[in-house]
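Have a look; sequence and predicted model below, questions after that.
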Amino acid sequence: MPILPCSHDQAALAQINPAIDLLRNLDDRHPDVLRSAGVNPEDYHPKRIFRSAVETIRGSFIASSLTQRHQMVADVLSRLANSAKIAGFEPTKKATRHDFTIILTERPRVAAALDVKGGEGNSITITERPPWAQEFVMWCHLDGSIINQPSQGVHSIVVNRLANDLMRRGKVVDAIFFKDQLCGCPLRRCPKYKGHVTNDQISPDIFLMPRERPTPQQPSPPTHSLESLYLPAMVLDVFGVAPRDQAKHTWSVEIHLVSAARGGREVYMRRTRILHLGNVVEESITNA
């Protein structure tokens with residue numbers, strides 16, 4: 001069972017490798033097309049025309065995505081502030097390892113830190129939890145690539161990267177928000193919504209993480225709930241998700257230390273489970 005119930009169109013996925021093959025071998029297959037565009041086929045690979053073009057296009061996609069995802073998060077936080085659900089927020093400076101400081105309440109003063117990331121990549125772990133943050137959450141934005149299914153992105157971030165970061169560095173991320181740019185578009189309707197909805201109406205999926213690092217003394221730390229945090233329920237509410245439906249948009253991540261015997265000595269393994277509506281949708285056991 002996939003972690004997320006949505007998936008990309010298989011017919012579209014089947015066309016990715018042929019498209020890659022076509023572009024990579026355009027100089028051999030269709031040199032006339034290159035010549036008509038003013039490109040010498042003999043220079044296409046030797047003089048790195050193809051690679052430079054790909055890297056330029058990729059860079060423009062990344063730059064555009066960075067701006068769009070930060071603006072989208074700022075819009076969500078503005079809606080929370082305008083409805084008085086939070087006391088305020090502000091973007092942080094570039095040298096800071098999170099993107100938004102959020103004042104949840106003024107009296108008492110409760111603050112949260114939010115970091116905005118793409119859906120995959122090592123940048124997920126390039127972040128730090130500020131010591132003053134009562135809540136530290138990550139907003140991961142899937143920008144429209146269909147190479148990997150949404151569940152693969154979640155697995156990479158939650159199971160591989162953040163669970164490793166929790167075990168090895170003790171960095172606690174309280175919750176992760178996943179927003180998929182393709183969700184709600186004509187190519188992929190969202191199974192959590194009935195009828196037609198647009199992407200800006202669709203709430204992110206929220207993954208609630210363990211409250212602390214598992215240790216031999218506390219091998220099964222409790223996982224956060226919507227009641228133990230401020231931001232997750234607020235974000236669901238601002239997207240119009242009624243309290244009775246919020247569990248449909250929420251996943252729980254459990255990370256446990258499991259004792260095992262190996263070579264005559266006791267070792268610990270890490271068991272990671274992701275649950276949705278009380279059902280285990282993924283479970284894995286790796287070295288702690």
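In hand now; what should we look at? Just so it is clear, the structure is predicted and the values come from calculations on it, not from any experiment. Numbering: from 1, shown residues only.

what's the longest helix anywhere in the chain packed up against?
For the chain, the longest helix by residue count, based on DSSP state H, is helix 49-82. Using 3 or more C-beta pairs under 8 Å, 6 or more residues apart in numbering; DSSP states H and E, the elements in contact with helix 49-82 are helix 16-24, strand 88-91, strand 100-105, strand 110-118, strand 135-142, helix 231-238. (C-beta placed from N, C-alpha, C; glycine too.)

Quick one: mean pLDDT for the fourth one?
Strand 110-118 shows an average pLDDT of 92 in the prediction.

Residues in contact with that strand: which ones?
65, 69-70, 73, 77, 97-104, 123-124, 127, 129-130, 132-143, 230-231 (C-beta atoms under 8 Å, 6 or more residues apart in numbering).

Whichever of those end up buried, select them in ChimeraX.
Buried members of the contacts of strand 110-118, defined by 16 or more other C-beta atoms under 10 Å, are picked up in ChimeraX with:
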select :65,69,70,73,77,98,99,100,101,102,104,124,127,129,133,135,136,137,138,139,140,141,142,143,230,231
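
show me where the stretch 151-288 of the chain has helices.
Here the stretch 151-288 of the chain has its helices, by DSSP state H, counting those that start in this stretch, at 163-169, 231-238.

Now distance to H8 and mean pLDDT too, for these, in JSON lines please.
Output for the helices of the stretch 151-288 of the chain, formatted as JSON lines (distance: least, C-beta to C-beta, whole Å; pLDDT from 0 to 100):
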{"stretch": "helix 163-169", "distance to H8": "25", "mean pLDDT": "89"}
{"stretch": "helix 231-238", "distance to H8": "25", "mean pLDDT": "95"}
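
Out of these, which gets nearest to L4?
Nearest to L4 among the helices of the stretch 151-288 of the chain is helix 231-238 (16.1 Å), distances taken as C-beta to C-beta.

List the contacts of that closest one.
Contacting residues not belonging to helix 231-238 are listed as 76, 79-80, 83, 85-86, 102, 104, 112, 114, 135, 137, 175, 177, 203-204, 206, 208, 226-227, 243, 246, 249-250 [C-beta under 8 Å, 6+ apart].

now do stretch 49-63
For stretch 49-63, using C-beta under 8 Å, 6+ apart, the contacting residues are L23, R24, L26, D27, V39, D43, Y44, H45, D143.

just to revisit the earlier point, in PyMOL, how would I select the buried members of the contacts of helix 231-238?
The PyMOL selection below is limited to those of the contacts of helix 231-238 classed as buried (16+ other C-beta under 10 Å):
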select buried, resi 76+79+80+85+86+102+104+112+114+135+137+175+177+203+204+206+208+226+246+249+250
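
number of nearby residues for the residue lying closest to L257 once chain neighbours are set aside?
In this structure, L257 finds its nearest non-sequential neighbour in P219, 3.9 Å apart by C-beta to C-beta, 6 or more residues apart in numbering. By other C-beta atoms under 10 Å, 16 other residues sit near P219.

same deal with the one 5 residues further on?
The local packing count at H224 equals 21, with neighbours defined by other C-beta under 10 Å.

what residues are up against it?
Under the criterion of C-beta under 8 Å, 6+ apart, the contact list for H224 reads D174, A175, L208, M209, P210, R211.
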